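Engineer: After the sequence you'll find the predicted model.
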Amino acid sequence: MAEAKDDQRLEAQLDQAAATCQRHGAQLTELRRQVLRLVLQSGQPIGAYALLDQLRGARRGAAPPTVYRALDFLLAQGLIHKVERLNAFIGCDEAGHGHAHGPEHPHQFLICGQCGSTAEICDPATLAALKAAAARQGFVPHRTMVEMEGLCARCVAATADGNATAA
Ligand SMILES: [Zn+2]
Ligand SMILES: [Zn+2]
Ligand SMILES: [Zn+2]
């Protein structure tokens, strides 16, 4: 039952993504939708080759360029992001943020070194501060990536519990 509900939520999310693309004058083709579904299903950053493996379950003969082209499209639409540190892709957490994300919206990642969870935050002030610092150097930015490694709140809590037990 829970799984059916998750499926429904996923399909609703995919429908919303299709509507977003349409608003941008683009089309979420069946292949793009399939790749987006796999990225969202993973819940955590997933590499292009892992995606290709999964895609081959549904589409025999799917080749790397097929996946890369679909990923490029989804990136440009702001539906997924690339986590450079992990060389992997993750679905945009627009729903979790409760506000609208445009295409190419500013986003930053918090990567937990212990459990591997990756959280998206989008703090416009961070981007503005970096841009101002770059401008002072006469630097013209094309793309900004902010990725922070550390421990997520859950792992911090687990570590604190462990210490308490040990003490
Ligand atoms: Zn995002
Ligand atoms: Zn963690
Ligand atoms: Zn956000």
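Structural biologist: Good, I have the coordinates. Ligands and ions are numbered 1, 2, ... in the order given.
Engineer: okay, and for this protein, where does confidence drop off?
Structural biologist: Counting by pLDDT under 70, the chain contains low-confidence ranges at 1-2, 162-167.
Engineer: The residue positioned nearest the centre of it and residue 51, how far apart?
Structural biologist: Central residue check for the chain by CA atoms, centre = their mean: the C-alpha nearest the mean position is that of residue 90, 2.5 Å away. Noted for residue 90: a distance of 12 Å to residue 51, by CB to CB, to the nearest Å. C-beta here means a position set from N, CA and C on the backbone, and glycine is covered the same way.
Engineer: Identify each buried residue in the top helix by length along the chain, please.
Structural biologist: If you go by DSSP state H, the chain has its longest helix at helix 2-23. Residues of helix 2-23 classed as buried under the neighbour-count rule (16 or more other CB atoms under 10 Å) are 13-14, 17-18, 20-21.
Engineer: hang on, the earlier thing: tell me who's in contact with the residue nearest to the centre of the chain.
Structural biologist: Taking CB atoms under 8 Å, 6 or more residues apart in numbering as the definition of contact, the neighbours of residue 90 are 39, 42, 44-46, 80-81, 83, 109, 118, 120.
Engineer: Please convert the buried members of these into ChimeraX selection syntax.
Structural biologist: Below is the selection syntax for ChimeraX that covers the buried ones among the contacts of residue 90, with 16+ other CB under 10 Å defining burial:
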select :39,42,45,46,80,81,83,109,118,120
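Engineer: In strands, which of the contacts of residue 90 appear?
Structural biologist: Among those, the members falling in strands (DSSP state E) are 80-81, 83, 109, 118, 120.
Engineer: Next, residue 155: secondary structure please.
Structural biologist: helix (DSSP: H, G, I helix; E, B strand; the rest coil).
Engineer: Start at 2, not 1
Structural biologist: Happy to do that; since the first residue is 2 now, the last one works out to residue 156.
Engineer: what's the spacing between the closest residue to residue 111 other than its chain neighbours and residue 81?
Structural biologist: Once its chain neighbours are removed from consideration, residue 111 has its nearest residue in residue 120; the separation is 4.6 Å (CB to CB, 6 or more residues apart in numbering). Plainly put, residue 120 is 15 Å away from residue 81 if you go by CB to CB.
Engineer: can you list the residues of this structure near ligand 3?
Structural biologist: Among all residues of the chain, those adjacent to ligand 3 (criterion: CB under 5 Å from the ion) are 98, 123.
Engineer: Tell me the residues of the chain that contact ligand 2?
Structural biologist: Residues of the chain found near ligand 2, taking CB under 5 Å from the ion as the criterion, are 113, 115-116, 118, 153, 156.
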